[in-house]
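Undergrad: Structure, please.
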Amino acid sequence: MPRTKTSSAPASPAGSSAREAAPGGLVAIHQPNLFPRLSTLAKLFAADCWIVLDDVQFARRDFQHRARLAAMSGSARHQWLSLPTHLPHGRSTLIRDAVLTDHERSRQRVASMLPQYYAASPDWPLLRPELDSVLAHFHERAGIADVAEESTKALLRLLGWTGHTVRSSSLPARPGRSQRLADLAAAVGASGYLCGTGGMRYLEVKPFAEQGVIVVPFRSPLAGVWEGAREVSAMSPLMGHGISVVVDQVRDVTDVHRGCASST
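TA: Model (predicted):
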């Protein structure tokens with residue numbers, strides 16, 4: 001993957017990522033993903049608040065415990081980075097209750113695979129401290145939600161995100177897929193809910209309207225840094241194109257969706 005231009009650290013570091021979002025902002029509600037895809041990361045970046053959906057059923061075929069790594073060269077070389085996970089309650093185990101089977105082996109796997117793919121990037125020194133923060137979450141009682149959430153926060157910090165996070169398990173919400181999402185959005189005082197293309201297929205708008213929350217469909221581009229954005233980890237474009245290039249692209253997408261929200 002050719003680099004578009006020489007990159008540098010984002011202009012706005014995310015040291016203020018713990019701040020409270022202003023009432024009436026945008027919210028994204030998404031499960032914690034391990035080093036998430038750029039399409040997911042961009043949606044979270046566009047939000048003032050990320051509600052970490054940790055109290056839904058863990059899915060082994062999803063991205064909570066695994067990430068698809070792609071080579072920076074743009075070749076078709078892909079490899080799954082998967083963390084062995086134990087489900088104490090079987091298939092009904094919630095994400096927050098899933099634990100790493102072998103935390104030390106998993107830590108070593110992350111610590112070795114990511115440099116193999118991305119240490120040649122000029123931006124690797126910027127990523128390295130964030131990776132260390134993720135590796136620090138691998139401990140004897142580590143839950144996959146903790147590791148996955150921190151891996152996402154690490155990438156958001158690289159982008160300069162200034163939002164905040166809260167876990168869905170700490171918020172009141174009624175049952176029903178759309179009703180629950182609407183209640184969660186209202187619980188943090190959001191005026192708009194960013195909904196990905198998958199969610200738009202089933203989402204019912206009425207529960208949101210009743211809470212005074214508008215639904216903002218979120219779509220990311222398909223070309224340039226966004227190629228493979230729905231398939232491979234955002235690590236690849238960040239290290240391949242460069243952090244500052246990706247930051248500019250993500251901010252452009254954010255501006256578009258904020259504009260849509262303000263004009264609704």
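Undergrad: Please enumerate the strands of this structure.
TA: For the chain, the strands defined by DSSP state E cover 26-30, 49-52, 66-70, 78-82, 85-86, 99-100, 164-167, 192-195, 214-217.
Undergrad: Could you dump those into a markdown table with mean neighbour count and distance to residue 92 added?
TA: (Each C-beta comes from the backbone N, C-alpha and C, glycine too.) Formatted as a markdown table, these follow (neighbours: other C-beta atoms under 10 Å; distance: least, C-beta to C-beta, whole Å):
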| stretch | mean neighbour count | distance to residue 92 |
| --- | --- | --- |
| strand 26-30 | 25 | 21 |
| strand 49-52 | 24 | 20 |
| strand 66-70 | 22 | 20 |
| strand 78-82 | 14 | 21 |
| strand 85-86 | 16 | 14 |
| strand 99-100 | 20 | 15 |
| strand 164-167 | 18 | 19 |
| strand 192-195 | 26 | 26 |
| strand 214-217 | 19 | 29 |
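Undergrad: And those: which comes nearest residue 226?
TA: strand 66-70 (13.1 Å; C-beta to C-beta).
Undergrad: Can I get the closest one in PDB? Just the C-alpha atoms.
TA: Provided in PDB are the C-alpha atoms of strand 66-70 (Å, rounded to 0.1, in the frame of the first residue of the first chain):
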ATOM      1  CA  ARG A  66     -10.100 -11.200  16.300                       C
ATOM      2  CA  ALA A  67      -8.900  -8.800  13.600                       C
ATOM      3  CA  ARG A  68      -7.900  -9.300  10.000                       C
ATOM      4  CA  LEU A  69      -4.500  -7.900   9.300                       C
ATOM      5  CA  ALA A  70      -3.500  -6.900   5.800                       C
END
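Undergrad: Kind regards, and thank you for your time.
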